[in-house]
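# Provided below are the primary sequence and the corresponding predicted coordinates.
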Amino acid sequence: MSFSASIITLFPDLFPGTLGASVLGRGLTDGLWSLETVQLRDFATDRHRTVDDTPAGGGAGMVLKPDILASAIDAVSPAADPRPRLLMSPRGKPLTQARARELALGPGAVIVCGRFEGIDQRVIDARDLEEVSIGDYVLAGGEVAAMVLLEAVVRLIPGVLGGADSHAEESFENGLLEYPQYTRPQVFEGRSIPGVLTSGDHARIRKWRQEQSEDLTRQRRPDLLK
Ligand code: SAM
C-alpha cells in the first residue's frame, strides 16, 4: 500500500499546490503516494455551514468547533485507520527530518489544518491528534504548514526521488549540515571550484566534504552536534 495523505481543511483548493510540481507531482501521478482533501465545512450541521464559534472565557478570534472537526476526522479516518492523525500547530513538536523519515516509511497521515485562533482542546484530546509545528512563528492557517510537512515526507518515500542515494548526504540526515555544492563553469566571477572536487580522488573528496559539513555545522548549528 502506498503512502496516503488526507487533509482536512477549509481551503481544499490550495492543494496540491507545491506538492503537484516536479518529482513529487510525478510521484502523485504515478501512484507512489496519494492525496485526498476534505472540506471541513461539509461536516457543518446548520444552514450557514458554521465551523467556528467564540472562545469560551472570551478573547479575540474564533475557535474551530470540536463536534464538526470530530465528524470530519471520523469520516476520513475510522478507528481502524493505521495512519497517524496530525494537527498543524505552532504549539506542536517541531518537525524534524527524523520524524519526516518515519512518516515516509509509514502508511500515510491524516492532517488537520487549523484556522482562526485555534481548535477546541477536547477534539485534540479525544482524537489523539499529534500537534506538529514547522517553526517558531505563527501562520494564518495550517495549509502551508501541511504542504511543508508533506514536501519533507513525500520526497523520502522510496522511489519518489530517482537515485537511491539522493538524500543520504543531505542536511540533517547524519546530524550535520550539507557541504557546499558546485557545478560548471569552472570559474564564476573569478571564483574557482575547489581543486579537490575536480581532482578525481574520491577518498579526498569524501574527506573534504565531511570536514566542510562539520565546519559549517559548528559555525551555524552547534546545537546539532550536541
Ligand atoms: N492562536 C494560535 C497560537 O497562538 O498558537 C495560532 C493560530 S494560527 C493563526 C491558525 C492555524 O495556523 C493554527 O491552528 C495552525 O493550524 C496553523 N499554524 C500557524 N502557525 C503554525 C506553525 N508554526 N506550524 C504549524 N502550523 C501552524
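Yes, it's here.
# how about whichever residue of the chain sits closest to the ligand, what does it touch?
Residue of the chain nearest the ligand, by CB to the nearest ligand atom: residue 114 (2.1 Å). All C-beta spots, glycine's among them, are computed from the backbone N, C-alpha and C. Residues near residue 114 by CB atoms under 8 Å, 6 or more residues apart in numbering: 64, 87-89, 141-142.
# Which positions in this protein make contact with the ligand?
88-91, 113-115, 117-118, 133-135, 137-142, 145 (CB under 6 Å from any ligand atom).
# Which positions in the lengthiest strand in the chain come out as buried?
In terms of residue count, the longest strand belonging to the chain (DSSP state E) is strand 85-94. With burial defined by 16 or more other CB atoms under 10 Å, the residues of strand 85-94 counted as buried are 85-90, 92.
# How about stretch 112-120?
112-116, 118-120.
# mind listing what's buried in the next helix-or-strand element following the longest strand of the chain?
Later in the chain than strand 85-94, the nearest helix or strand by DSSP states H and E is helix 97-104. Of all the residues in helix 97-104, those buried under the rule 16+ other CB under 10 Å are 99-101, 103-104.
# Remind me what helix 97-104 packs against, helices and strands.
In terms of contacts (3 or more CB pairs under 8 Å, 6 or more residues apart in numbering; DSSP states H and E), helix 97-104 is packed against helix 143-154.
# try 10 Å this time
strand 3-9, strand 85-94, strand 130-133, helix 143-154 (3 or more CB pairs under 10 Å, 6 or more residues apart in numbering; DSSP states H and E).
# Adding distance to residue 204 and mean pLDDT as columns, could you present the ones you listed in CSV?
Listed next are those as CSV, based on distance: least, CB to CB, whole Å; pLDDT from 0 to 100:
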stretch, distance to residue 204, mean pLDDT
strand 3-9, 39, 98
strand 85-94, 36, 98
strand 130-133, 41, 98
helix 143-154, 32, 98
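# got those as a markdown table, with distance to residue 27 columns?
As requested, the helices and strands packed on helix 97-104 are arranged in a markdown table below (distance: least, CB to CB, whole Å):
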| stretch | distance to residue 27 |
| --- | --- |
| strand 3-9 | 9 |
| strand 85-94 | 20 |
| strand 130-133 | 22 |
| helix 143-154 | 6 |
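# OK, contacts around the spatially most central residue of the chain?
For the chain, the residue whose C-alpha lies nearest the mean C-alpha position (CA atoms, centre = their mean) is residue 149; its distance is 0.7 Å. By CB atoms under 10 Å, 6 or more residues apart in numbering, the contact list for residue 149 reads 5, 86, 88, 95, 99-100, 103, 109, 111, 132-134, 142.
# for the one helix or strand in the chain whose mean pLDDT sits lowest, packing partners?
Lowest mean confidence among the helices and strands of the chain (mean pLDDT, DSSP states H and E): strand 118-119, at a mean of 94. Where contact means 3+ CB pairs under 10 Å, 6+ apart, strand 118-119 is packed against strand 63-64, strand 85-94.
# Any chance you could list what contacts that strand?
By CB under 10 Å, 6+ apart, the residues outside strand 118-119 that reach it are 52, 55, 61-66, 69, 87, 89-91, 112, 124, 129, 131, 142.
# ok, now with 6 Å
Identification of contacts with strand 118-119 by CB atoms under 6 Å, 6 or more residues apart in numbering yields 63-64.
# pLDDT averaged over the next helix or strand after that strand - what is it?
Next helix or strand after strand 118-119 toward the C-terminus (DSSP H and E): helix 121-126. Averaging pLDDT along helix 121-126 yields 98.
# before we move on, what about stretch 216-225?
What stretch 216-225 shows for mean pLDDT is 96.
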